[in-house]
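Q: quick one, fold the following:
(chains A and B)
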Amino acid sequence: MTESKNPAPKSPKTPARPTLKAVRGTRDLLPDQTPLWNHVEATARALFARYGFGEIRTPIFETTELFARGVGEETDIVSKEMFTWDDGERFDKAMLYDWWTRSSGRISSAKQQSDGTFDAEVRYRSGTYELVAFHGRLDVETIRKVQESQRHLGHNPPAKKRIVVASSVPNKQEEHPGPDLVVEYAFGEFNRSSQSLTLRPESTAGVVRAYIEHQLGNTGNLQKLYYIGPQFRRERPQRGRYRQFWQIGAEVIGPQSSGAESPLRDAEILEMLASLLTELGIRDWRLELNSVGSSEDRVRYNAALRQALQPIKHQLCPDNQRRADTNPLRVLDSKDEADQDLINALPKIADYLGPESKAHFDQVLAALDACGIPYHLNPRLVRGLDYYTRTTFEFTVTTGLGTQNALLGGGRYDGLSEMLGGPRAPGIGFAIGEDRLILTLQAQAEADNTSTAPPKLDAYIAPLAPAQNPAALALARELRTAGLKVEVGDGAFKLRKSFDIADTLARHIILLGEDEVATNIATVKTFATGEQVKIPRAKLAEALTGIRSQPPNFVQ
RNA sequence: GCGGCUAUAGUUCAGUGGCAGAACGCCGCUCUGUGGCAGCGGAUGUCGUGGGUUCGACCCCCACUAGCCGCCCCA
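A: Below you'll find the predicted structure:
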């Protein structure tokens, strides 16, 4: 951008142009990071495929209503932690006028003001007078005037003198300008073309919406779906917590006849997650497991909890006192030291499970035992989203996350599809916090003194003079075509510099001077050994492939 | 949303109410087809932004912004 054409008037102190930065809670992943991310994602994709999962990609924004109904209106996520905006047209006076003009009737009077707004109008609509005031407030005087003008035009005022006013004041209310008149303000109607949209704070609701919308249940088959993508929550950034964060998740959902409700599915998901973490090299993970029962069980338990909390409430911290009233289940989540004993003494959900829920949970545990998957029953694991039923779980780790030690979480959501207006479709799913997974891998690698740095290139081609540049690029093309990872230097570089660069980037340096180009025999030096050999061009690719070391694992 | 800590060179960080610093990195030279070591030389900053106190502020005070950590909550 040139900026000198119209220089701003000189001020004694030219204010510095603020540097543009990634917005709060978002970040860039640079090439030294992305290989690890890709490794994680590729590992997950390959593993999910072995379990019969297919990828689903849903939009990163949905209607706000989807999350309100799915995740739960009263959850913190929906009530205060989403990126939500109004997608409607801007509400202004010109738009109001346009809307009324298009929608019905004729406009009997419209006095346009110099500023482009309109004073007042009246028209018939559905048997009543409707008066539209775009400008200023309605008073009795205005209304009388309008009624007068209607009579002059030969209209009789309707018997029922209810006047609907398009108001730019959002609070709908009524006024009584006179004994025979009621003025009703209608604001909401003019927003009807707008829609509240939200960047997805999680993906399960969107996936289930897609399941319903595309009638995947009608196939009769179990749907096994996975996704990898960004999510958005408007929270205060912290370690492992970003406003745009990434989740790797999967859902198993289907009609009851497909076996979607089987405890085997719960156990399979958990076993798959254990395999994934192990395959990624995550050590010391811990599976916390609980059953929050069916929705009926939960109602009974909630009641019991409220009752048990009532007498001891005053002994709890203020936060827990509040939760005791609003959402007793969340008291169980509390980390408040002083309250722990009291909380541990509260009734356990396990004692309130109906026979079906109990049997379901027992079968999950039996399948996990058969697979040799270790788990810890945690009667206080209730989780934050409204839609969870029966099995809920969390995998935690001890390395790298500080207090944000939950690596992934999930559970069963047997009623979610119905909540979204869909068919009965029990399901279970999970979401891995990919940012946290990466942090854990990096912290582990650091503890082990191993590197998560991307592997080096196979070769760096150093032309010794600008005259060899074309030959260098031609050779690079040849080697790259053969599948080697190659960088090309520049003949303008001094040899010392070429060596320096080459050593940081690649395992081999290929020297290309006049001799090498003339004879088609390259000089190749291996940094690890210091060994230098002459290799004919025709055998170069093969030779470099042969001495390529194993690609290092990211995490050992 | 609340609380604590932090913000100085590309990076990691010292620093003092009175000339802006180190290490690493970067560039050059010693050394024109053989680097990593060593020596010598060099560049780089509106000291986060805005205001205030002061003869004088990177330093003290206030506000803002951002980051980190914790709370809330969550993956």
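Q: so residue A:242 sits against residue A:26, correct?
A: Yes. Contact criterion C-beta atoms under 8 Å: residue A:242 and residue A:26 qualify, at 6.5 Å. The C-beta positions use only the backbone N, C-alpha and C, and glycine is treated the same way.
Q: same drill for the two, tell me which one is more crowded.
A: Shown here are residue A:242 and residue A:26; by other C-beta atoms under 10 Å, residue A:242 has more neighbours (21 against 14).
Q: quick one, phi/psi of that one?
A: Backbone torsions of residue A:242, given as degrees, to the nearest 10, read phi -120, psi 160.
Q: who's in contact with it?
A: By C-beta atoms under 8 Å, 6 or more residues apart in numbering, the residues touching residue A:242 are A:25, A:26, A:27, A:435.
Q: filter those residues to the buried ones?
A: Among the contacts of residue A:242, those classed as buried by 16 or more other C-beta atoms under 10 Å are A:25, A:435.
Q: let's have the contacts of residue A:242 in TSV, adding secondary structure, distance to residue A:201 and pLDDT.
A: Below are the contacts of residue A:242 laid out as TSV (DSSP: H, G, I helix; E, B strand; the rest coil; distance: C-beta to C-beta, whole Å; pLDDT from 0 to 100):
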residue	secondary structure	distance to residue A:201	pLDDT
A:25	coil	13	86
A:26	coil	15	87
A:27	coil	18	86
A:435	helix	15	91
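Q: overlap between the contacts of residue A:242 and the residues near RNA strand B?
A: Subset of the contacts of residue A:242 in contact with RNA strand B: A:25, A:435, counting by C-beta under 7 Å from any atom of the strand.
Q: how about residue A:216, nearest residue that isn't a chain neighbour?
A: Spatial nearest neighbour of residue A:216, chain neighbours left out: residue A:223 (5.1 Å); criterion: C-beta to C-beta, 6 or more residues apart in numbering.
Q: test my guess that the one you found contacts residue A:259.
A: No. Counting by C-beta under 8 Å, residue A:223 sits too far from residue A:259 to count as a contact (11.4 Å).
Q: and the two? Which one has more around it.
A: Neighbour totals were compared for residue A:223 and residue A:259, and residue A:223 leads with 23 against 14 (other C-beta under 10 Å).
Q: please report how far the residue nearest to residue A:216 lies from residue A:60.
A: Going from residue A:223 to residue A:60 by C-beta to C-beta, to the nearest Å gives 21 Å.
Q: remind me which residues of chain A are low pLDDT?
A: Residues of chain A meeting the criterion pLDDT under 70: A:1-19, A:88-194, A:384, A:402-403, A:453, A:547-556.
Q: tell me which residue is most central in it.
A: The geometric centre of chain A, computed from its C-alpha atoms, lies nearest to residue A:231 (C-alpha atoms, centre = their mean), at 1.1 Å.
Q: so that one makes contact with residue A:241?
A: No. Residue A:231 is beyond contact range of residue A:241, at 11.5 Å (criterion: C-beta under 8 Å).
Q: so what's residue A:505 up against?
A: Applying C-beta under 8 Å, 6+ apart, we find residue A:505 in contact with A:456, A:457, A:460, A:487.
Q: and which of those is nearest to residue A:515?
A: Taking C-beta to C-beta as the measure, residue A:515 sits nearest to residue A:460 out of the contacts of residue A:505, at 18.7 Å.
Q: helix, strand or coil for that closest one?
A: Using DSSP: H, G, I helix; E, B strand; the rest coil, the structure places residue A:460 in strand.
Q: so it touches residue A:508, yeah?
A: Yes. Between residue A:460 and residue A:508 there is a contact at 7.1 Å, judged by C-beta under 8 Å.
Q: give the residues shared as contacts by these two.
A: Common neighbours of residue A:460 and residue A:508 (C-beta under 8 Å, 6+ apart) are residue A:502.
Q: end to end on stretch A:21-29, go ahead and measure it.
A: 14 Å (C-alpha to C-alpha, to the nearest Å).
Q: got a list of contacts for it?
A: Counting by C-beta under 8 Å, 6+ apart, residues outside stretch A:21-29 touching it are A:37, A:235, A:236, A:237, A:242, A:243, A:244.
Q: distance of the residue nearest to the last one when sequence neighbours are not counted relative to residue A:44?
A: It stands for residue A:244. Nearest non-adjacent residue to residue A:244, counting by C-beta to C-beta, 6+ apart: residue A:26, 4.7 Å away. In this view, residue A:26 and residue A:44 are 23 Å apart by C-beta to C-beta.
Q: pull the number of nearby residues for the residue in the stretch 101-250 of chain A that RNA strand B sits nearest to.
A: Using C-beta to the nearest atom of the strand, the single residue of the stretch 101-250 of chain A nearest to RNA strand B is residue A:239, 2.8 Å away. Counted with other C-beta under 10 Å, the neighbours of residue A:239 add up to 13.
Q: do I have it right that it meets residue A:401?
A: Yes. Contact criterion C-beta under 8 Å: residue A:239 and residue A:401 qualify, at 6.8 Å.
Q: what do the two both touch?
A: By C-beta under 8 Å, 6+ apart, the residues touching both residue A:239 and residue A:401 are residue A:439.
Q: how is chain A divided into domains?
A: Following the assignment in automatic domain parsing, chain A carries domains at A:37-81+A:197-294+A:354-445, A:93-191, A:457-546.
Q: need the winner for burial among those domains.
A: Of all the domains of chain A, domain A:37-81+A:197-294+A:354-445 carries the top mean neighbour count, a mean of 19, counting by mean count of other C-beta atoms under 10 Å.
Q: and that domain, how far from the chain's centre?
A: Between the centre of domain A:37-81+A:197-294+A:354-445 and the centre of its chain there are 13 Å (C-alpha atoms, centre = their mean, to the nearest Å).
Q: contacting residues for the nearest residue in space to residue A:64 that is not next to it in sequence?
A: Using C-beta to C-beta, 6+ apart and skipping residues adjacent in sequence, the residue nearest residue A:64 is residue A:196, 4.0 Å away. Residue A:196 makes contact with A:63, A:64, A:65, A:84, A:85, A:86, A:87, according to C-beta under 8 Å, 6+ apart.
Q: touching, the last one and residue A:195? I think so.
A: So the one you mean is residue A:87. Yes. Under the criterion of C-beta under 8 Å, residue A:87 makes contact with residue A:195 at 4.7 Å.
Q: could I get the domains of chain A as TSV with distance to residue A:336?
A: Shown next, in TSV, are these (distance: least, C-beta to C-beta, whole Å):
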stretch	distance to residue A:336
domain A:37-81+A:197-294+A:354-445	13
domain A:93-191	40
domain A:457-546	51
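Q: how about the residues of the stretch 251-400 of chain A by RNA strand B?
A: So far as C-beta under 7 Å from any atom of the strand goes, the stretch 251-400 of chain A lies against RNA strand B at A:319, A:323, A:330, A:333, A:334, A:335, A:336, A:383, A:384, A:385, A:394.
Q: in this structure the second one contacts residue A:331, no?
A: In other words, residue A:323. Yes. The criterion here is C-beta under 8 Å, and residue A:323 meets it with residue A:331 at 4.8 Å.
Q: more neighbours: which of the two?
A: residue A:331 (27 against 20).
Q: can you show me the strands along the stretch 151-300 of chain A?
A: In the stretch 151-300 of chain A, the strands defined using DSSP state E, counting those that start in this stretch lie at A:162-166, A:174-178, A:181-186, A:196-199, A:223-232, A:244-253, A:286-291.
Q: can you tell me the closest non-neighbouring residue to residue A:245?
A: Spatial nearest neighbour of residue A:245, excluding adjacent residues (C-beta to C-beta, 6+ apart): residue A:435 at 5.0 Å.
Q: just residue A:417 next, same as before
A: Excluding the flanking residues, the one nearest residue A:417 by C-beta to C-beta, 6+ apart is residue A:425, at 3.8 Å.
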